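1. any chance you can model this:
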Amino acid sequence: CIAQGNGGDGFYITDCNGTRISVCRSMANRGRGFCVTHTDLSGGCWLLDCDAELNGREGLVVSDMAGTPVVVERMWIETNNKPVSLGPNIYDAVRIASRNVMLTKSRISTRGKMSARPKFAIHLASETRLGIEPKSMNFQVGETVKGSRSGATGVVSLAQADPLFGDEFPIPPPYRPWLALPRKLMLREISGSFQVGETVSGRDSRAASLIRSVARVSAGNCVVADNWVAREDGRAPVDRVKLDPGCTANHIGRNHYMSANGLVGVDFTDDPGSVVSDRSVTTGSGPPTGGRWPRGAFRFNSRPSFLETIILGKDVIRNGDLEQDEGWKRYGTPRAHQRSREQAHGGSHALKVTGSGGAGVRQYLSDTSAGQRFRLNGWLFVPKGTVRLFVFDGKKLQYGTTTTGPTWTRMTMSFSVAEGSTPYIGAQTVGGETVFFLDDVICRPVEKVERSPRLVLGWVCTAAGNPGTWVPVHVHRR
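-> Take a look at the predicted model:
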């Protein structure tokens, strides 16, 4: 079959039950090439050897299926979201907001000028589903809708199509209860929270309807693997797999560039499940300290070594939690340094310091001896300017990494006490006018270092994040 030049979607597929659609072409339609969804019945759908080209919106959308699988294999998805005359060019090449979807062995093109390119080649999305009164006016895909009481807004991603029963075709009895069910409105780019019982209205269509239910629908348990993503024009960073927050327990396999070397990148926030890409297996001298990593990523130890565990002693800082007015002296000439309730990392107080040009606070470490090693850490909150920890080891000053910004940041330093005068630690401003808060300062001596008898082969990421949680992997025997 060929669907071409329609005012809406080329193929709108709903309430499938083991349906196979193969060798079909959707071309130059004003809507999407293929749209797969459900109302109250879903038993799986296969899209095999199909083609979606030059459609005004997405080439393929799978939206809110009921958990039964949708398999998309050997599909050609090219140059959708264009030409400019057909739409605002804000859509993805492939958008999946549903569970249990497999996309494989397909060719997905992101060709087109910058303004006409899709947002992402493959987008696993998280959307809000509104159940609305069935006898409502028709909302338009792409328009902004707003809640009457909550003020929440969203963009229509899918509006459930009406059944095509005419006057000459009476509605069969089994379908009459179905027509009384809430209709479905899928929204993306949500701001705020829609509420049951309020009215949702469309900005362009002027349609309005009462909200019966609100739910979140996210891509989950999906498999996206062994696809080609073509890079034929432009080089904008849309050529990747994008996962919205909330899209978890998916498997993103290897997807390849067609006209360039390498694998397609994966952009995610929450733990996506498993990701197989060029960042899954790396080599280095230690676990990653930055960047976002998926669970299961592995880093080989470039210099296999035996793990060392540092045993720390008792904290030597007095009033490290800054809950009392003691222990801390001015360093330089700060204009103010005092306990404050404005910000606190732990407890109810932190030390607020205002100054510039290196001014700050310090605390002397009197009960130390030359050669002792220490680990120092403290939390800094910097609403204005730049700050760093510093150490005087008895002979010279040492400076830590600078930090800035109104968030609590943990800063650390290591140092050894040298022969000379009494050492001290502290925090100071760097540059111009600065305001910062200091809290939960700890300085502990290194009592001993224990060396593991097991060789460290590498590190594995056990919890995704930035950079995630990494644990060592040992060689247990030769």
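2. contacting residues for the closest residue to residue 99 other than its chain neighbours?
-> Distances taken as CB to CB, 6 or more residues apart in numbering place residue 220 nearest to residue 99, at 4.7 Å, with adjacent residues excluded. From N, CA and C alone the C-beta is placed, and that goes for glycine too. For residue 220, the set of contacting residues under the criterion of CB atoms under 8 Å, 6 or more residues apart in numbering consists of 99-100, 247-250.
3. again, but for residue 251
-> Listed by CB under 8 Å, 6+ apart, the contact partners of residue 251 are 222-225, 273-274, 276.
4. mind doing that once more with 7 Å?
-> Listed by CB atoms under 7 Å, 6 or more residues apart in numbering, the contact partners of residue 251 are 223, 273-274.
5. model confidence at the residue nearest to residue 416 when sequence neighbours are not counted, what's the number?
-> Counting by CB to CB, 6+ apart, residue 416 lies nearest to residue 373, which is 4.9 Å off, once chain neighbours are set aside. The predicted local distance difference test score for residue 373 is 93.
6. got it, and the one 10 residues further on?
-> At residue 383, the predicted lDDT confidence score is 94.
7. kindly reformat the contacts of residue 220 as a markdown table containing distance to residue 365.
-> As requested, those are arranged in a markdown table below (distance: CB to CB, whole Å):
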| residue | distance to residue 365 |
| --- | --- |
| 99 | 57 |
| 100 | 60 |
| 247 | 49 |
| 248 | 47 |
| 249 | 50 |
| 250 | 51 |
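8. which of the contacts of residue 251 tops the neighbour count?
-> The residue in those with the most neighbours, by other CB atoms under 10 Å, is residue 273 (21 neighbours).
9. contacting residues around that one?
-> Residues touching residue 273, when contacts are defined by CB under 7 Å, 6+ apart, comprise 248-251.
10. any idea which of those residues has the most stuff around it?
-> Across the contacts of residue 273, neighbour numbers were computed from other CB under 10 Å; residue 250 holds the maximum, 25 neighbours.
11. show me the beta-bridge partners of that residue.
-> residue 273 (DSSP bridges).
12. wait, it touches residue 218, no?
-> No - when contacts are counted by CB atoms under 7 Å, residue 250 is not listed as touching residue 218 (9.6 Å).
13. all helices of this structure, in order?
-> Ranges of helices within the chain are 176-179, based on DSSP state H.
14. could you list the domains of it?
-> Described in terms of automatic domain parsing, the domain architecture of the chain consists of the residue ranges 2-125+220-275, 127-216, 329-448.
15. what about the last one, start to end distance?
-> When you say that, I think you mean domain 329-448. Taking CA to CA, to the nearest Å, the first and last residues of domain 329-448 lie 31 Å apart.
16. the spatially closest residue to residue 346 that is not a sequence neighbour: neighbour count?
-> Taking CB to CB, 6+ apart, and ignoring the residues beside it in sequence, residue 346 has residue 440 as its nearest neighbour in space, at 4.9 Å. Counted by other CB under 10 Å, the residues lying close to residue 440 total 18.
17. now swap in the one 3 residues further on and tell me
-> With neighbours defined by other CB under 10 Å, the count for residue 443 comes to 22.
18. point me to the residue sitting closest to the centre of this protein.
-> The geometric centre of the chain, computed from its C-alpha atoms, lies nearest to residue 269 (CA atoms, centre = their mean), at 1.6 Å.
19. ok, that one - contacts?
-> residue 245.
20. distance of it from residue 190?
-> Going from residue 269 to residue 190 by CB to CB, to the nearest Å gives 15 Å.
21. got it, and residue 287?
-> When residue 287 is compared with residue 190 (using CB to CB), they lie 35 Å apart.
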